[in-house]
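Participant: The amino acid sequence is not available; the structure is as follows:
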Ligand SMILES: Nc1ncnc2c1ncn2[C@@H]1O[C@H](COP(=O)(O)OP(=O)(O)OP(=O)(O)O)[C@@H](O)[C@H]1O
């Protein structure tokens with residue numbers, strides 16, 4: 001299945017300004033018309049409102065263009081009504097018709113598309129295969145698990161032949177293990193679809209795993225926007241990004257598998273890493289997420305230590321957090337950077353400063369399978 005890709009350089013250009021009760025929205029962003037763009041930010045920052053504006057469900061002054069197609073331009077009196085916008089919308093809770101089978105729920109979406117406006121066409125069989133819902137077709141929605149319901153909701157949205165897929169915290173109502181079950185399907189969507197996805201989430205590990213780009217929001221405004229790897233290594237975004245889950249994504253090459261110890265050996269810029277065995281093929285690139293709190297620093301290469309991943313690098317940045325015990329550091333390991341959260345006391349004791357050679361110590365165990373993507377990130 002190789003749907004046509006968006007024309008090179010085509011962008012989604014969105015800008016909305018307006019007041020809703022006490023809330024003031026004033027946002028503008030331009031993102032590639034391909035891949036997954038995450039809208040990330042704390043509760044109440046305006047993520048859902050932006051999606052609703054994009055779908056035309058909320059009418060605020062502004063502008064929305066997909067490539068050469070303008071859906072809204074208040075300056076020119078253009079406002080495409082919601083039912084005329086070829087948008088697939090997936091909500092937190094799948095809103096399926098309970099009296100229809102899964103098959104009829106899916107074809108309901110497909111029927112709507114016949115007099116629709118085109119969009120990246122996927123046929124019924126392709127959608128069913130992509131989402132692994134073939135065995136569910138004759139069931140009633142009441143007989144589905146939460147994860148299965150969400151997959152059917154995504155399938156229904158896709159069969160409406162959207163030109164834009166809007167997903168509003170599609171995993172947040174699911175428990176951890178159901179999330180893990182559904183994430184690979186969302187990754188598959190990313191890899192097979194030409195349809196751009198705007199993905200709302202306040203879970204940074206989900207965003208790190210799925211998204212190509214992040215628009216960081218706070219209090220109705222865009223704090224910053226850019227490729228996921230570049231945004232995640234920014235130490236100055238603490239207030240907007242949260243501390244506990246802070247970390248980076250690192251693209252590494254799979255070198256070989258070690259069946260005896262059940263490990264996979266990886267390589268990044270000439271340095272070796274290991275992780276619990278994955279099924280990714282040797283030679284392929286995978287994406288790891290490494291949390292700052294899982295990385296320690298040493299000024300000499302330690303010996304007699306159980307940690308397998310010891311990467312040499314130099315300190316690129318240090319941000320001490322006033323009135324706390326902690327400092328965030330960025331270590332350049334040759335082309336990529338790793339974040340490490342250490343105490344300010346360690347910074348002082350080890351004499352850490354920009355340019356100082358250090359070793360970043362990462363426990364193998366932190367490379368969890370759910371933090372993996374078997375592809376290199378697309379950066380537009
Ligand atoms: N129609 C409305 N009238 C008044 N206030 C509104 C309206 N719609 C949204 N708001 C307010 O706008 C703010 C942003 O809401 P929004 O749902 O977009 O946030 P969010 O970032 O999606 O939050 P969450 O992550 O909790 O879903 C909130 O303070 C909300 O109460």
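Facilitator: Nice, I can see it. The structure displayed is predicted, hence computed values, not measured ones. Numbering: from 1, shown residues only.

Participant: so what's residue 54 up against?
Facilitator: Residues near residue 54 by Cβ atoms under 8 Å, 6 or more residues apart in numbering: 14, 64, 87, 164, 166, 198. Just so you know, the C-beta spots here come from the backbone N, C-alpha and C atoms, and that holds for glycine as well.

Participant: and the first one, bridged to which residues?
Facilitator: Right, the one you point to is residue 14. residue 29, residue 64 (DSSP bridges).

Participant: State the distance from it to residue 163.
Facilitator: Separation of residue 14 from residue 163 (Cβ to Cβ, to the nearest Å): 14 Å.

Participant: State the three-state secondary structure for the residue in the chain sticking out farthest from the centre.
Facilitator: What lies farthest from the middle of the chain is residue 304; by Cα atoms, centre = their mean that is 37.6 Å. Of the three states, residue 304 takes coil under DSSP: H, G, I helix; E, B strand; the rest coil.

Participant: what's the answer for residue 345, then?
Facilitator: From three-state DSSP, the assignment for residue 345 is helix.

Participant: How about the contacts made by the closest residue to it other than its chain neighbours?
Facilitator: The spatial neighbour of residue 345 that comes closest, neighbours along the chain excluded (Cβ to Cβ, 6 or more residues apart in numbering), is residue 325 at 7.2 Å. Residues near residue 325 by Cβ under 8 Å, 6+ apart: 343-345.

Participant: Taking those, please make a ChimeraX selection of just the buried ones.
Facilitator: One line in ChimeraX is enough to select the buried ones among those; burial here means 16 or more other Cβ atoms under 10 Å:
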select :344
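
Participant: which residues of the stretch 1-150 of the chain score low on pLDDT?
Facilitator: Where the stretch 1-150 of the chain drops to pLDDT under 70, the residues are 1-8, 109, 111-121.

Participant: for the ligand, what are the nearby residues on it?
Facilitator: Proximity of the stretch 1-150 of the chain to the ligand, by Cβ under 6 Å from any ligand atom, involves residues 20-21, 23, 41, 43-49.

Participant: cutoff 5 Å now
Facilitator: Contact residues, the stretch 1-150 of the chain versus the ligand (Cβ under 5 Å from any ligand atom): 20-21, 23, 43-49.

Participant: where exactly do the strands run in the stretch 151-300 of the chain?
Facilitator: 164-168, 197-201, 213-218, 221-227, 247-258, 263-268, 271-276, 285-291, 295-298 (DSSP state E, counting those that start in this stretch).

Participant: who does the shortest one touch, helix- and strand-wise?
Facilitator: Under the contact criterion of 3 or more Cβ pairs under 8 Å, 6 or more residues apart in numbering; DSSP states H and E, the helices and strands touching strand 295-298 comprise strand 326-332, strand 337-343, helix 344-350, strand 357-362.

Participant: Format the ones you listed as JSON lines; extra columns: distance to residue 148.
Facilitator: Listed next are these as JSON lines, based on distance: least, Cβ to Cβ, whole Å:
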{"stretch": "strand 326-332", "distance to residue 148": "40"}
{"stretch": "strand 337-343", "distance to residue 148": "36"}
{"stretch": "helix 344-350", "distance to residue 148": "47"}
{"stretch": "strand 357-362", "distance to residue 148": "36"}
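
Participant: Reformat the ones you listed as CSV; add distance to residue 274 and mean pLDDT.
Facilitator: Putting those into CSV (distance: least, Cβ to Cβ, whole Å; pLDDT from 0 to 100) gives the following:
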stretch, distance to residue 274, mean pLDDT
strand 326-332, 19, 94
strand 337-343, 16, 93
helix 344-350, 25, 96
strand 357-362, 10, 96
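
Participant: okay if I get those as CSV plus distance to the ligand?
Facilitator: Shown next, in CSV, are these (distance: least, Cβ to the nearest ligand atom, whole Å):
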stretch, distance to the ligand
strand 326-332, 25
strand 337-343, 25
helix 344-350, 32
strand 357-362, 31
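
Participant: Minimum distance to residue 281: which of the ones you listed has it?
Facilitator: strand 357-362 (23.0 Å; Cβ to Cβ).

Participant: Buried residues, that closest one. List them.
Facilitator: Residues 358-362 are the ones in strand 357-362 that count as buried (16+ other Cβ under 10 Å).

Participant: Any stretches of the stretch 151-300 of the chain with poor pLDDT?
Facilitator: 239, 243-244.

Participant: ok and the residue in it nearest the ligand?
Facilitator: residue 202 (5.4 Å; Cβ to the nearest ligand atom).

Participant: Just give me the neighbour total for that residue.
Facilitator: 18 (other Cβ atoms under 10 Å).

Participant: Repeat that for the one 4 residues further on.
Facilitator: A count of nearby residues for residue 206, using other Cβ under 10 Å, gives 22.

Participant: Quick check: it touching residue 169?
Facilitator: No: applying Cβ atoms under 8 Å as the test, residue 206 and residue 169 come out as separate, 9.1 Å apart.

Participant: tally of neighbours for the closest residue in space to residue 164 that isn't next to it in sequence?
Facilitator: Using Cβ to Cβ, 6+ apart and skipping the chain neighbours, the partner closest in space to residue 164 is residue 87 (5.1 Å). By other Cβ under 10 Å, 23 other residues sit near residue 87.

Participant: residues contacting residue 87?
Facilitator: So residue 87 contacts 54-56, 162-166 (Cβ under 8 Å, 6+ apart).

Participant: Check the gap between it and residue 65 for me.
Facilitator: In terms of Cβ to Cβ, residue 87 sits 14 Å off from residue 65.
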